[in-house]
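Visitor: Take this sequence and fold it.
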Amino acid sequence: MVRTALSITHVVYEQGDVVGKALAYASLLPIFVVAMAAAAVLVRRDVQAIAFLTAQLLNELVNQLLKRSLQHSRPDPEFHAHGYGMPSSHAQFMAFLSVSLAFAIAYRTQQHPRWVVVGMYAGVAASAAIVCFSRVYLRYHTPEQVLVGCCIGLALSLLWNLFASERAAAAISTALRRCGLWDALLLKDIGRCTDPLLLERRAHMDGVQSVRTSKKAL
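Guide: Residues are numbered from 1 along each chain as shown. Predicted structure coming up:
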């Protein structure tokens, strides 16, 4: 029986290359993001999280369709078994994610300190840059494949966030209400909330204060 590796998590780097090892870990970031998005859906029960996860998976589907259509080989023959290289799925994923997070930061952190917001933007940009660089450094993609992936992810994310995200969230909400899952799963929609973290913190603090007041009254 022939055994093979699961290519989605199988990352190769030169033995003894500390930078390559670090970048190999960095290249796994898209998998962690999907896992975190799925966890956000389960924990926060927010329709916006469901819509984002759906959009990111559709972005990946587009990438796979393009790869099979273009059939552009990877630069290193060692990685030909990992599939085609144009466009880079990691680059497309991170570009889509970065633009989506930029929209979220701009809209949902309006009452955060400026240095926190700037730090969020910098963290998003740095993460995307490191993942994209890792794919070239580890020879999984050419710079052109990464660049095309970034452009496609950027374009798709702009289309999604400007024209489709709110419609998709509304459609998902309607469907879940009709089938009875909205109330059964305690779902919510924070689409109109400009700073959900601050709102949740205030609600938590009010709850704590209410409990303290009740204990004093006793």
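Visitor: S27 against V11, yeah?
Guide: Yes: look at S27 against V11 with C-beta atoms under 8 Å: they come within range, at 5.5 Å. Yep, even glycine has a C-beta here, placed from its N, CA and C like the rest.
Visitor: list residues touching both of the two?
Guide: Both S27 and V11 are contacted by L138, under the criterion C-beta atoms under 8 Å, 6 or more residues apart in numbering.
Visitor: how near is the nearest residue to G85 once chain neighbours are set aside to L28?
Guide: Spatial nearest neighbour of G85, excluding adjacent residues (C-beta to C-beta, 6 or more residues apart in numbering): R74 at 3.9 Å. In this view, R74 and L28 are 18 Å apart by C-beta to C-beta, to the nearest Å.
Visitor: And for E166?
Guide: 31 Å.
Visitor: now swap in M86 and tell me
Guide: With C-beta to C-beta as the criterion, M86 and L28 are 21 Å apart.
Visitor: Pick out whichever of the two has more residues nearby.
Guide: M86 (20 against 15; other C-beta atoms under 10 Å).
Visitor: any idea of the pLDDT on V33?
Guide: At V33, the pLDDT value in this model is 89.
Visitor: If you count contacts, what does the strand or helix carrying it end up packed against?
Guide: In this assignment (DSSP states H and E), V33 forms part of helix 29-44. Under the contact definition 3 or more C-beta pairs under 8 Å, 6 or more residues apart in numbering; DSSP states H and E, helix 29-44 sits against helix 47-70, helix 89-108, helix 114-137.
Visitor: buried residues in the second one?
Guide: Of the residues in helix 89-108, those buried under the neighbour-count criterion (16 or more other C-beta atoms under 10 Å) are 89-105, 108.
Visitor: Show the contacting residues for the closest residue to V11 other than its chain neighbours.
Guide: Nearest residue to V11 in three dimensions, chain neighbours excluded: A24, at 4.2 Å (C-beta to C-beta, 6+ apart). By C-beta under 8 Å, 6+ apart, the residues touching A24 are 11-13, 134, 138.
Visitor: Just to be sure, A24 is in a helix?
Guide: Yes: according to DSSP: H, G, I helix; E, B strand; the rest coil, A24 belongs to a helix.
Visitor: Pretty sure L156 is one of the things V62 touches, is it not?
Guide: Yes: using C-beta under 8 Å, V62 is in contact with L156, at 6.6 Å.
Visitor: So for those two, which residue has more residues nearby?
Guide: L156 (22 against 16).
Visitor: Show the contacting residues for that one.
Guide: By C-beta under 8 Å, 6+ apart, the neighbours of L156 are 59, 62, 92, 96.
Visitor: Would you agree the third one is in contact with L65?
Guide: So that's Q92. No: applying C-beta under 8 Å, one finds Q92 not in contact with L65, separated by 11.6 Å.
Visitor: any shared contact partners between those two?
Guide: Here Q92 and L65 have no joint contacts, going by C-beta under 8 Å, 6+ apart.
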